[in-house]
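Novice: coordinates only, sequence not included:
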């Protein structure tokens, strides 16, 4: 079990994991710093999302890496974001909205 303040063990040298850890750290720092002022800080880390830009990426080798086997939708990202906005107790929440890809 990890103690508070102790560095997380990296699952791999993957740049995505490093970027996500940076966003988590920034979210935590800002949530702590601004929370007492009533300012909430949260983050949504989307994985592959179906858009015109990702059409060419949708191939079996990528889909096999995603535990849910599909790309997410813009509506799913919007729903997650809306949850964070509407919930007044949501502070320092980091949602990995990637179909389970971050667990691989």
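Specialist: Nice, I can see it. Since we're looking at a predicted model, the values are computed, not measured. Residues are numbered from 1 along each chain as shown.
Novice: all contacts plus neighbour counts: C-alpha atoms, from now on.
Specialist: Fine.
Novice: what's near enough to touch residue 91?
Specialist: Neighbouring residues of residue 91 by Cα atoms under 8 Å, 6 or more residues apart in numbering: 31, 35, 40-42.
Novice: Could you give the backbone dihedrals for it?
Specialist: Backbone torsions for residue 91, taken as degrees, to the nearest 10, come to phi -150, psi 130.
Novice: Do you know the pLDDT at it?
Specialist: On pLDDT, residue 91 comes in at 98.
Novice: Listing request: residues of this protein with sub-threshold pLDDT.
Specialist: By pLDDT under 70, the weakly predicted segments of the chain are 1-19.
Novice: List the residues that contact the residue sitting furthest away from the middle of it.
Specialist: Outermost residue of the chain with respect to the C-alpha centroid, by Cα atoms, centre = their mean, is residue 37; its distance is 24.6 Å. If you count contacts by Cα under 8 Å, 6+ apart, residue 37 has none.
Novice: Got a ChimeraX select line for the buried ones in the contacts of residue 91?
Specialist: The buried residues among those can be selected in ChimeraX (16 or more other Cα atoms under 10 Å) with this line:
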select :31,40,41,42
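Novice: possible to save the contacts of residue 91 as TSV with distance to residue 22?
Specialist: As requested, those are exported to TSV (distance: Cα to Cα, whole Å):
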residue	distance to residue 22
31	14
35	19
40	18
41	14
42	13
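Novice: pretty sure residue 44 is in a helix, no?
Specialist: No: secondary structure of residue 44 (DSSP: H, G, I helix; E, B strand; the rest coil): strand, not part of a helix.
Novice: State the helix or strand in which the closest residue to it other than its chain neighbours lies.
Specialist: Spatially, and ignoring its direct neighbours in sequence, residue 44 is nearest to residue 95 (4.8 Å; Cα to Cα, 6 or more residues apart in numbering). Residue 95 belongs to strand 94-97 when assigned by DSSP states H and E.
Novice: List the buried residues for that strand?
Specialist: 94-97.
Novice: How about stretch 27-47?
Specialist: Within stretch 27-47, the residues that count as buried by 16+ other Cα under 10 Å are 27-28, 30-32, 40-44, 46-47.
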